[in-house]
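Asks: Need a 3D model of the following:
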Amino acid sequence: MKKVMLTAVLILLGLAGSGLAQMKYPIRPVEIIVPWGAGSNADVMARMVAPHLEKAFQQPFVVIDKSGGAGIIAHNYVANSKPDGYTILSLNSIYGGLLATRKPADLKFTFESFVPVVGYAATHVFFNVRKEAPWKTLKEFIEDAGKNPRKMKFSSTATFGSAHIFATDLFKRAGVKVTHIPGKGSGDAMTAVLGGHVDMAVIHGSAGHAHGGTVRVLAIAAEERRFDFPEVPTLKELGFPIARPSVVGFAVANGTPSEIIDKLYQVNRDVLNANQEAIKNTLLKLEAIPTLLDPKSYLELCRADKDYFFQMVPEIKKELGVRD
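Replies: Below is the predicted model of the structure:
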């Protein structure tokens with residue numbers, strides 16, 4: 001009899017250590033850590049979803065901005081947090097770019113430090129010129145760049161940022177040399193093109209200027225034409241197979257129980273599906289489009305982006321004469 005009772009107790013303890021205890025998650029507030037400052041797209045997106053998660057889970061989901069170090073501070077924070085689902089990272093699928101451009105010794109995280117939970121918003125790199133610019137198509141821009149090596153300029157958010165890397169990839173495939181002028185964010189890059197200091201601004205979106213009529217978008221690095229910019233061709237259809245969306249979503253520290261990851265995904269999925277129109281309208285204002293990636297699909301995208309950056313960054317460093 002005692003043996004039977006002991007066995008039953010052990011079984012119950014085993015269940016409590018696995019799925020049973022996790023079914024009560026969350027029982028206290030959850031932090032959503034954003035790697036960028038207040039008002040950034042990632043911040044706005046996180047604050048858009050958080051109230052819906054609070055309602056679904058009946059617990060506060062507190063958005064905390066931890067900017068600095070090009071996102072490194074926030075990534076380090078979450079990677080080294082307790083893997084219990086109470087610290088969530090606002091992840092961008094292109095975070096592998098940080099790993100490709102920084103020395104491992106300078107980071108406290110690796111690619112495997114995070115487990116993607118859900119991807120819910122996709123942004124794309126836009127190739128913008130002034131509305132008054134002579135180029136009506138990307139082909140015309142490239143033809144002029146070929147006639148004037150290094151004389152034409154493009155701005156982006158930062159050296160080794162995804163926009164810089166995509167543009168470098170494009171111009172390399174096209175066989176032309178265009179000088180990069182790094183900015184300090186999308187606004188800075190767009191100001192440079194509007195002021196005539198550069199010929200093209202390569203950023204995620206157009207900062208609203210395309211719909212406002214002050215810039216012309218020559219191409220978008222997307223798999224297919226966006227429904228909100230149906231007139232703009234993709235790089236892919238123009239002969240340049242560069243179609244990498246940057247997908248914003250959530251991730252948790254590696255080691256988080258699978259039951260919590262599954263529950264977070266399922267609730268996020270339900271929230272996104274139940275609030276499609278409101279979320280879509282908010283995202284479109286940020287020039288992002290709704291998407292829905294499950295943990296496996298999101299991980300595959302993050303890994304593909306990492307591999308792409310690890311291929312491209314050494315080539316760009318060599319061209320710029322940058323030593324590791």
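Asks: measure the closest residue in space to T234 that isn't next to it in sequence to S162 for me?
Replies: Nearest residue to T234 in three dimensions, chain neighbours excluded: A222, at 4.9 Å (CB to CB, 6 or more residues apart in numbering). Yep, even glycine has a C-beta here, placed from its N, CA and C like the rest. For A222, the distance to S162 (CB to CB, to the nearest Å) stands at 13 Å.
Asks: Kindly report the same for V215.
Replies: From V215 over to S162 (counting by CB to CB), the distance is 19 Å.
Asks: quick one: which of the two has more around it?
Replies: The neighbour comparison of V215 against S162 (other CB atoms under 10 Å) goes to S162, with 27 against 24.
Asks: which non-adjacent residue is nearest that one?
Replies: That would be I94: by CB to CB, 6+ apart, it lies 4.9 Å from S162.
Asks: Kindly tell me how buried K318 is, as a neighbour count.
Replies: Neighbour count for K318, taken as other CB under 10 Å: 10.
Asks: Find the helix or strand that it is a member of.
Replies: For K318, the host element (DSSP states H and E) is helix 295-320.
Asks: Tell me which other helices or strands the one helix or strand L284 maps to touches.
Replies: Using DSSP H and E, L284 sits in helix 276-285. Identification of packing neighbours for helix 276-285 by 3 or more CB pairs under 8 Å, 6 or more residues apart in numbering; DSSP states H and E yields helix 41-57, strand 289-293.
Asks: who's in contact with the residue nearest to T234?
Replies: H124, T234, L235, K236, A243, P245 (CB atoms under 8 Å, 6 or more residues apart in numbering).
Asks: Got the domain ranges for the chain?
Replies: With domains defined by automatic domain parsing, the chain comprises 27-123+246-312, 125-244.
Asks: Same list (these) but as TSV, adding mean pLDDT and distance to V322.
Replies: Output for those, formatted as TSV (pLDDT from 0 to 100; distance: least, CB to CB, whole Å):
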stretch	mean pLDDT	distance to V322
domain 27-123+246-312	95	10
domain 125-244	95	9
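Asks: export the ones you listed to CSV and tack on distance to K318?
Replies: What follows is the domains of the chain, written out as CSV (distance: least, CB to CB, whole Å):
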stretch, distance to K318
domain 27-123+246-312, 11
domain 125-244, 12
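Asks: out of these, which comes closest to L320?
Replies: Between L320 and the domains of the chain, the tightest spacing by CB to CB is seen for domain 125-244, at 7.9 Å.
Asks: Which of the contacts of A222 are buried? Put it as a PyMOL command.
Replies: Buried subset of the contacts of A222, written as a PyMOL selection, criterion 16 or more other CB atoms under 10 Å:
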select buried, resi 124+234+235+236+243+245
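Asks: Return the closest of the contacts of A222 with respect to G195.
Replies: Closest to G195, out of all of the contacts of A222 and judged by CB to CB, is H124, at 24.2 Å.
Asks: could you say which helix or strand contains T191?
Replies: Assessed by DSSP H and E, T191 sits inside helix 186-194.
Asks: Apologies, that question was intended for N76.
Replies: helix 72-79.
Asks: can you give me the helices in the stretch 51-200 of the chain?
Replies: 72-79, 96-101, 138-147, 162-174, 186-194 (DSSP state H, counting those that start in this stretch).
Asks: And the shortest one, what does it pack against?
Replies: Helix 96-101 sits against helix 295-320, with contacts defined as 3+ CB pairs under 8 Å, 6+ apart.
Asks: what about the strands in the stretch 101-250 of the chain?
Replies: Here the stretch 101-250 of the chain has its strands, by DSSP state E, counting those that start in this stretch, at 114-123, 125-130, 153-156, 179-182, 200-204, 215-220, 246-253.
Asks: okay, those strands, which one's buried deepest?
Replies: Greatest average neighbour count among these goes to strand 200-204 (a mean of 28), per mean count of other CB atoms under 10 Å.
Asks: Could you list the residues in contact with that one?
Replies: Counting by CB under 8 Å, 6+ apart, 41, 123-129, 141, 152-157, 162-164, 166-167, 178, 186, 189-190, 192-193, 215, 218, 246, 287 sit against strand 200-204.
Asks: Now do the contacts for K306.
Replies: K306 neighbours (CB under 8 Å, 6+ apart): G96, G97, L99, A100, F111.
Asks: and what of S155?
Replies: S155 touches 180-183, 188-190, 192-193, 197-198, 200-202, counting by CB under 8 Å, 6+ apart.
Asks: and with 10 Å instead?
Replies: Taking CB atoms under 10 Å, 6 or more residues apart in numbering, we find S155 in contact with 128, 163-164, 167, 180-183, 186, 188-193, 197-203.
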